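Asks: Got a sequence here, can you model it:
(chains A and B)
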Number of protein chains: 2
Amino acid sequence: MTTRLDDLPGRRCSIAGALDVVGDRWALLVVREVSLGAHRFSEILRGTGAPRERLAARLTALVDAGVLERREYSQNPPRSDYHLTKAGRDLLPVLQALMQWGDRYVADVPPVELRHRGHRIQASWVCDVCGERVGRDTERHATHES
Amino acid sequence: MTTRLDDLPGRRCSIAGALDVVGDRWALLVVREVSLGAHRFSEILRGTGAPRERLAARLTALVDAGVLERREYSQNPPRSDYHLTKAGRDLLPVLQALMQWGDRYVADVPPVELRHRGHRIQASWVCDVCGERVGRDTERHATHES
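Replies: Predicted structure coming up:
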């Protein structure tokens, strides 16, 4: 990952760093498509609805950023497809948070639901340390910058 | 909220709907800044580092989308500032997910941390129904589209 916070404008913050990598809709829709099993360019193109050239540029950027890896599945003709790296899989909570927000605030009914163990997931952020929901009592602390 | 999934390209999905509203870095950095207490244009400009004209357009779009509300704080001269609506506050889990990802994968050390009750938050998505972490056994189901 080559993004450095010091190179970005505004407040020095890892949110800005993350958005430097995935801060446009096509990047996150690519991650969604690959997580749903679309690995080939034509499948990702159809699933995202992205313009072809922007999709090609975005895939290259996501490979360079370490979110996707390109795997060759045919040598003759040369063909490769796209898979999530560990960093790419770790973006799924971002997608889940966006999905919950979209389900609540976007005009039409939610068309896709996340299920496990037979029921629909309604997930909250829960702190691993104390087991409480992360809510509005959260305090943000700027750490000392050396 | 005027975004409609039927108007968007690609897979019909509330993630795409959410990204139609907040799918660029400036939109989410604006939500971050306002959540941190920056309400006036000049404060949001400084905190985001966005180009001035793009920030002005983005603020108007976020007001139109119901994420921010504009409040007049002076009549003479006329001056207003920006506050998060309920929909805007409900974007904070998206920012928290991006922050956790950025802390892990962006090059330099994380400069801001989220704390509550005296410790740093390390949060997981936990299902409200069964209390389990939402993980890789999650199944996605397309619901029947009428």
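Asks: Can you pull the poorly scored residue ranges out of chain A?
Replies: Scanning chain A for pLDDT under 70 picks out A:1-2, A:107-114, A:121-122, A:135-146.
Asks: now the strands for it?
Replies: A:68-75, A:78-84, A:112-116, A:119-120, A:123-127, A:139-142 (DSSP state E).
Asks: hey, which of those strands is tucked in deepest?
Replies: Each of the strands of chain A was assessed for mean neighbour count using mean count of other C-beta atoms under 10 Å in any protein chain shown. The highest is strand A:123-127, with a mean of 21. Any C-beta I mention is one placed from the backbone N, CA and C, and that applies to glycine too.
Asks: near chain B at all, that strand?
Replies: Yes. Looking at strand A:123-127 against chain B by C-beta under 8 Å from any C-beta of the partner chain, the contacts come from A:A123, A:S124, A:W125, A:V126, A:C127.
Asks: Turn those into JSON lines, including distance to A:I15.
Replies: Shown next, in JSON lines, are the residues of strand A:123-127 next to chain B (distance: C-beta to C-beta, whole Å):
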{"residue": "A:A123", "distance to A:I15": "20"}
{"residue": "A:S124", "distance to A:I15": "20"}
{"residue": "A:W125", "distance to A:I15": "15"}
{"residue": "A:V126", "distance to A:I15": "20"}
{"residue": "A:C127", "distance to A:I15": "18"}
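Asks: Show me which of those residues is closest to A:R79.
Replies: Nearest to A:R79, judged by C-beta to C-beta, of the residues of strand A:123-127 next to chain B is A:A123 at 37.1 Å.
Asks: How much space separates the nearest residue to the closest one once chain neighbours are set aside from A:P93?
Replies: With C-beta to C-beta, 6 or more residues apart in numbering or on different chains as the criterion, A:A123 has its nearest non-adjacent residue at 4.3 Å, and that residue is B:W125. To A:P93, B:W125 is 6 Å away according to C-beta to C-beta, to the nearest Å.
Asks: what residues are shared contacts of those two?
Replies: When C-beta atoms under 8 Å, 6 or more residues apart in numbering or on different chains defines a contact, no residue borders B:W125 and A:P93 alike.
Asks: hang on, isn't the residue nearest to A:A123 packed against A:V94?
Replies: No. Taking C-beta atoms under 8 Å as the definition, B:W125 is not a contact partner of A:V94, at 10.6 Å.
Asks: Which stretches in chain A count as helices?
Replies: Remark: helices of chain A, listed N- to C-terminal, are A:14-22, A:25-35, A:41-48, A:52-64, A:86-89, A:92-105; assignment by DSSP state H.
Asks: Pull out the buried residues from the longest one.
Replies: Using 16 or more other C-beta atoms under 10 Å in any protein chain shown as the test for burial, helix A:92-105 gives A:92-103, A:105.
Asks: for the residues you listed, which one is nearest chain B?
Replies: A:G102 (3.1 Å; C-beta to the nearest C-beta).
Asks: Next up, the contacts around the closest one.
Replies: Contact analysis of A:G102 by C-beta under 8 Å, 6+ apart lists A:P110, B:C13, B:S14, B:I15, B:A16, B:G17, B:A18.
Asks: swap the cut-off to 7 Å and go again
Replies: A:G102 sits next to B:S14, B:I15, B:G17, B:A18 when contact means C-beta atoms under 7 Å, 6 or more residues apart in numbering or on different chains.
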